[in-house]
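In: I'll drop the sequence and a predicted model, then ask my questions.
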Amino acid sequence: MEHVAALLLIVGCTSDSSVCTEIPVPQPIYRGVGECEAAMPLAMRLSGTYDRRVMGSCTGLTQAEVDGSASVEWAVNGAGQLAVVLTDSPQLVASR
């Protein structure tokens with residue numbers, strides 16, 4: 001599937017990556033992965049975090065993910081690498 005946008009995710013961790021938290025960014029969505037990757041170094045520098053390790057990822061979004069509802073799941077693996085996965089969020093419908 002073709003990516004029509006990209007999501008920027010920045011995470012700050014302790015030096016051993018045992019504790020990591022998502023760092024809010026002012027602009028999380030970009031027109032493409034290339035534009036996102038170009039903006040990531042500045043966004044990381046301006047994050048204002050004092051975390052020992054700061055990692056970022058640009059994940060491509062399909063039109064369906066942009067139009068629909070998706071959840072962002074991330075984790076830092078044992079090698080200290082940031083992994084990001086987008087999953088479909090179920091549409092909840094109230095009924096009577």
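Out: Alright, I've got the coordinates.

In: Would you mind measuring the gap between the ends of stretch 48-67?
Out: Taking CA to CA, to the nearest Å, stretch 48-67 runs 31 Å from one end to the other.

In: ok, now stretch 40-52?
Out: 17 Å.

In: Next: stretch 3-23.
Out: Counting by CA to CA, the terminal residues of stretch 3-23 are separated by 24 Å.

In: do stretch 61-79 as well
Out: Counting by CA to CA, you get 26 Å between the two ends of stretch 61-79.

In: Please apply the same query to stretch 67-86.
Out: For stretch 67-86, the first and last residues are 14 Å from each other (CA to CA).

In: what distance separates the lowest-mean-pLDDT helix or strand in the chain from the centre of its chain?
Out: Between all helices and strands in the chain, the lowest mean by mean pLDDT, DSSP states H and E belongs to helix 63-67, at a mean of 81. Computed by CA atoms, centre = their mean, to the nearest Å, the chain-centroid distance of helix 63-67 equals 16 Å.
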